[in-house]
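Asks: Following is a predicted model, sequence given first.
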Amino acid sequence: MSDADDLKETDPQNSRRDFLRSAGLFTVTAAGLAGGLELLTRRPGAASAEAQGTVLVRPKRPLGPYDTSEAITPWAQATTYNNFYEFGTDKGDPARMAASLKPRPWTVRIDGEVKKPQTVDIDTLQGWFPLEDRVYRMRCVEGWSMVMPWLGFPLAALIRRLEPTGKAKYVQFTSLYDPKQFPGQRGNVLDWPYVEGLRLDEALHPLTFMAVGLDGRVLPGQNGAPLRLVVPWKYGFKNIKSIVRITLAEKQPQTTWALAASDEYGFYANVNPAVPHPRWSQATERRIGELGRRATLPFNGYADQVAGLYKGMDLRRNF
């Protein structure tokens, strides 16, 4: 589903890894390129590299054990219809404003209840792991959904590398706070920086993913560059973007949306069509690019894999 046929891979895994590592030399987003640098040769009538993002055309691959076979949301929609309040509250604000985000240089601090706390450069961090493709459903708490082809690595691989202590029960994630890069942070719509969290067993689940790319391209700013969390059985606001800190903790983190409206946005945020939002039903969703609505599935269709994490819990109270 890529928009260009340049930069074909000879070895899919190595090419993707080399490309993403090289992003420190030339930062690419779908919204813009600092200094006007273009990495794709323009063809008559072709969109610019700024509009396309840098493309790796990948050979078709069989579906993996975690992939959905549903139709992937087109790039043009996946990168222009976004919630990212750091850029603004309108769906189009992130794509319009994403050029202000500078995802290189970038470091991630990993601390708390780990035996190997450290601050690591984003290119070093992603180079620790073989990068994987994952095609996941994404369900927003607002009642719309997409299917997203992520590129990244399992969060469990990172956590195990850092050796959590016996006290670690939760993982807290913190986004970048920089009003120069994030104009939405100049207002008080939320208490900045954005913070999210998972139980440790949720973080270690094989579906839980750290994305550094989207559809074979460097992750665009509006989609959470250079590093975002993807937890496909939870509402989208759990999938924190532009992460600068990962902290393993003994106590449950206080998360941004739970602090803003605890009766509307709980810590768990598992997709549950039987539990309405106080202001709308969650029983159905609008898939972006489709007409009409479809039924929302428990745990966003991942119940077989993750329902066991919540055995015995009241998922109405722990929403």
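Replies: Looks like it came in fine.
Asks: Now name the helix or strand holding residue 119.
Replies: strand 118-121 (DSSP states H and E).
Asks: in the helix or strand that that strand is followed by, what's buried?
Replies: Per DSSP H and E, the first helix or strand lying C-terminal to strand 118-121 is helix 122-127. Residues 122, 123, 125, 126 are the ones in helix 122-127 that count as buried (16 or more other C-beta atoms under 10 Å). Every residue, glycine included, has its C-beta placed from N, CA and C.
Asks: now stretch 81-96
Replies: Using 16+ other C-beta under 10 Å, the residues of stretch 81-96 that count as buried are 81, 82, 83, 84, 85, 86, 87, 88, 93, 94, 95.
Asks: Make sure the third one is actually in contact with residue 90.
Replies: What that stands for is residue 83. No. Residue 83 lies out of contact with residue 90 (C-beta atoms under 8 Å); the separation is 9.6 Å.
Asks: out of the buried residues of helix 122-127, who's nearest residue 111?
Replies: residue 125 (14.1 Å; C-beta to C-beta).
Asks: The closest one - nearest residue in space that isn't next to it in sequence?
Replies: residue 108 (5.9 Å; C-beta to C-beta, 6 or more residues apart in numbering).
Asks: List the beta-bridge partners for that neighbour.
Replies: Bridge pairing for residue 108 (DSSP bridges) gives the partners residue 120.
Asks: and it, how many neighbours?
Replies: 22 (other C-beta atoms under 10 Å).
Asks: isn't it right up against residue 245?
Replies: Yes. With contact defined as C-beta under 8 Å, residue 108 counts as touching residue 245 (6.8 Å).
Asks: coming back round to it: hmm, which two among the buried residues of stretch 81-96 are most spread apart?
Replies: It's 81 and 86 that sit farthest apart of those, by C-beta to C-beta, at 16.3 Å.
Asks: ranges for the helices of the stretch 101-250 of the chain?
Replies: 122-127, 155-162, 200-203 (DSSP state H, counting those that start in this stretch).
Asks: Let's have the ones you listed in TSV, adding mean pLDDT and distance to residue 146.
Replies: Listed next are the helices of the stretch 101-250 of the chain as TSV, based on pLDDT from 0 to 100; distance: least, C-beta to C-beta, whole Å:
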stretch	mean pLDDT	distance to residue 146
helix 122-127	97	23
helix 155-162	98	21
helix 200-203	98	21
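Asks: closest one to residue 144 among those helices?
Replies: Here helix 200-203 is closest among these (C-beta to C-beta), at 23.4 Å.
Asks: So which elements touch the closest one?
Replies: helix 155-162, strand 170-175 (3 or more C-beta pairs under 8 Å, 6 or more residues apart in numbering; DSSP states H and E).
Asks: so which of those gets nearest residue 303?
Replies: helix 155-162 (20.0 Å).
Asks: between the closest one and strand 170-175, how many degrees?
Replies: Angle of helix 155-162 versus strand 170-175, following axes from the mean of the first three to the mean of the last three C-alpha atoms, to 10 degrees, is 100 degrees.
Asks: List the buried residues for helix 155-162?
Replies: 155, 156, 158, 159, 162.
Asks: Could you save these as TSV and add columns showing distance to residue 170?
Replies: TSV is the format used below for the buried residues of helix 155-162 (distance: C-beta to C-beta, whole Å):
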residue	distance to residue 170
155	13
156	15
158	15
159	11
162	15
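Asks: that older thread, got the buried residues of helix 122-127 as a markdown table, with distance to residue 270 columns?
Replies: Output for the buried residues of helix 122-127, formatted as a markdown table (distance: C-beta to C-beta, whole Å):
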| residue | distance to residue 270 |
| --- | --- |
| 122 | 29 |
| 123 | 33 |
| 125 | 28 |
| 126 | 28 |
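Asks: Most widely separated two among the residues you listed?
Replies: Longest span within the buried residues of helix 122-127, C-beta to C-beta: 123 and 125, 7.2 Å.
Asks: ok so, going back, now tabulate the helices and strands packed on helix 200-203 in JSON lines and tack on distance to residue 192.
Replies: Formatted as JSON lines, the helices and strands packed on helix 200-203 follow (distance: least, C-beta to C-beta, whole Å):
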{"stretch": "helix 155-162", "distance to residue 192": "23"}
{"stretch": "strand 170-175", "distance to residue 192": "8"}
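Asks: what are the ranges of the strands in the stretch 101-250 of the chain?
Replies: Ranges of strands within the stretch 101-250 of the chain are 107-112, 118-121, 132-139, 144-154, 170-175, 195-199, 209-214, 217-218, 228-230, 243-249, based on DSSP state E, counting those that start in this stretch.
Asks: For the shortest one, give the mean pLDDT please.
Replies: Averaged over strand 217-218, pLDDT sits at 95.
Asks: who does that strand pair up with?
Replies: strand 209-214 (antiparallel).
Asks: again, but for the longest one
Replies: The strands that strand 144-154 pairs with in its sheet are strand 132-139 (antiparallel), strand 209-214 (antiparallel), strand 284-287 (parallel) (by DSSP bridges).
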